[in-house]
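Asker: build me a structure from this.
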Amino acid sequence: MLDEIRDKIESEIVSLTHELNVELPQRIKTAMEHGDLRENAEFKAAKERQAFVEARLNHLTSRMTELSKIDVNEMAYDRVGFGSKVKIRDLDMGEDFTFTITAGDFIDLDAGQVSLASPIGQGLLGSAEGEEVGVQLPAGERRYKVLELSTLPQQLEGQG
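Answerer: Take a look at the predicted model:
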């Protein structure tokens, strides 16, 4: 999972760096050739995009630094955390859900991913298989039971 996230971030960094260093300067140059910059929508749009790309690159660089600090050997072996695959039962609705706890930037509900920063991710953080937890959601508190848990260290051990 860490490699997958690193690859996604690196891919986006490469794409945005190309846009920042090649595409946007060309768009800005072309827009400047159209004259009066005060009323030039193309120029304003290109400059706004440039500011967004720079901010996004700073954020992604920060995320890469955070990921490099993750030590799988120091992660809990039997508790929900980053990278855990979890099967829970909603005790109020009687429904089961299976998902992977992932970083906030890479949420894909259709692929069964829940952010560690989400209410469910935060509520389950540190819980063990068989444990019941209360999670405060915008619609009110929900009760879940952790039915199955496969932590990132357990998953990596299974690959060896």
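Asker: contacts, neighbours, all on C-alpha from now
Answerer: Fine.
Asker: so which residues of this protein form strands?
Answerer: 85-90, 95-102, 113-115, 132-137, 140-150 (DSSP state E).
Asker: and those as a markdown table, adding distance to L67 and mean pLDDT?
Answerer: Converted to a markdown table, the strands of the chain look like this (distance: least, C-alpha to C-alpha, whole Å; pLDDT from 0 to 100):
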| stretch | distance to L67 | mean pLDDT |
| --- | --- | --- |
| strand 85-90 | 19 | 94 |
| strand 95-102 | 12 | 90 |
| strand 113-115 | 15 | 85 |
| strand 132-137 | 26 | 92 |
| strand 140-150 | 20 | 94 |
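Asker: looking at the protein, which helix is longest?
Answerer: Longest helix of the chain, by residue count under DSSP state H: helix 41-68.
Asker: mind listing what's buried along that one?
Answerer: E42, F43, A46, K47, Q50, V53, L57, L60, R63 (16 or more other C-alpha atoms under 10 Å).
Asker: surely the third one and L20 touch.
Answerer: The one in question is A46. No - in this structure A46 lies outside contact range of L20 using C-alpha atoms under 8 Å: 10.2 Å.
Asker: what inclination does the worst-scoring helix or strand of the chain on mean pLDDT have with respect to strand 95-102?
Answerer: Of all the helices and strands that make up the chain, the one with the lowest confidence by mean pLDDT, DSSP states H and E is helix 152-159; it has a mean of 75. Taking axes from the mean of the first three to the mean of the last three C-alpha atoms, to 10 degrees, helix 152-159 and strand 95-102 form an angle of 90 degrees between their directions.
Asker: just how off-centre is helix 152-159 within its chain?
Answerer: Taking C-alpha atoms, centre = their mean, to the nearest Å, the mean C-alpha location of helix 152-159 is offset from the chain mean by 21 Å.
Asker: can you give me the buried ones in it?
Answerer: Taking 16+ other C-alpha under 10 Å as the neighbour-count basis, helix 152-159 is seen to contain the buried residues L152, P153.
Asker: quick one on the thing from earlier: need the strands of the chain in CSV with mean neighbour count and distance to I70, can you?
Answerer: As requested, these are arranged in CSV below (neighbours: other C-alpha atoms under 10 Å; distance: least, C-alpha to C-alpha, whole Å):
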stretch, mean neighbour count, distance to I70
strand 85-90, 20, 17
strand 95-102, 19, 13
strand 113-115, 22, 16
strand 132-137, 16, 26
strand 140-150, 17, 18
